[in-house]
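Peer 1: would you be able to build a 3D model of this:
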Amino acid sequence: MGHTDLGADRATLLKLYLTLVWSKLDYGSVIYGYVKKHVLRVLDPIHHQGLRIALRAFRALPIKSLYAEAGAPSLEHQRTKLACNYVLKLKSLPQNPCHNIVFDAPFSDFSADSKSEANLVANTFEHINNAKINLNTIDNQYVQCSPP
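Peer 2: Sure, this is the predicted structure:
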């Protein structure tokens, strides 16, 4: 087996991991993504081991190097990205029932209280604001309610 075959094999294994396993770890992360951090850390070893198997990497390879080699973010960064994408998409769909819950309630209602971690909306809005995305510049899309 030549060196190019090994590279192609790694690429195939990585694609299989990302498609079959990582997609399952992402599913629903917009909802569960902001539970206590120690609960979410249970998923990290699954992600790391999947990347190690796909890349045929040694256990001693640091996690950040593993992410760089795979070209994949951490699960935490992926959850943040998916939550931001969801809120931005939701902003463009005012007829969605969740739109009013997220955008019409006062922002102070979503602030984190002293008993819990920052919740989904407050944390996501913080990331969107840090990225300097102006929500007022997002155009609304209107989906036809009746069949064509």
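
Peer 1: using CSV, write out every CA atom in the helix or strand bottoming out on mean pLDDT in the chain.
Peer 2: For the chain, counting by mean pLDDT, DSSP states H and E, helix 3-17 ranks last in confidence among helices and strands (a mean of 78). Coordinates of each C-alpha in helix 3-17 appear next as CSV, following Å, rounded to 0.1, in the frame of the first residue of the first chain:
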residue,chain,number,x,y,z
HIS,A,3,1.6,6.6,0.7
THR,A,4,-1.1,8.0,-1.5
ASP,A,5,-3.3,5.0,-0.7
LEU,A,6,-3.0,5.7,3.0
GLY,A,7,-3.9,9.4,2.4
ALA,A,8,-7.0,8.4,0.4
ASP,A,9,-7.9,5.8,3.1
ARG,A,10,-7.7,8.4,5.8
ALA,A,11,-9.8,10.8,3.8
THR,A,12,-12.4,8.1,3.3
LEU,A,13,-12.4,7.2,7.0
LEU,A,14,-12.7,10.8,8.0
LYS,A,15,-15.6,11.4,5.6
LEU,A,16,-17.4,8.3,7.0
TYR,A,17,-16.8,9.5,10.5
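
Peer 1: quick check: buried residues in it?
Peer 2: If you call a residue buried by 16 or more other CB atoms under 10 Å, then helix 3-17 has these buried ones: 10, 13, 14, 17. C-beta here means a position set from N, CA and C on the backbone, and glycine is covered the same way.

Peer 1: the most centrally placed residue in the chain and residue 19, how far apart?
Peer 2: Of all residues in the chain, the one closest to the mean position by CA atoms, centre = their mean is residue 79, 2.4 Å from it. The gap separating residue 79 from residue 19 is 18 Å, by CB to CB, to the nearest Å.

Peer 1: try residue 72
Peer 2: Residue 72 sits 12 Å away from residue 19, going by CB to CB.

Peer 1: how about residue 46?
Peer 2: Residue 46 sits at a distance of 15 Å from residue 19 (criterion: CB to CB).
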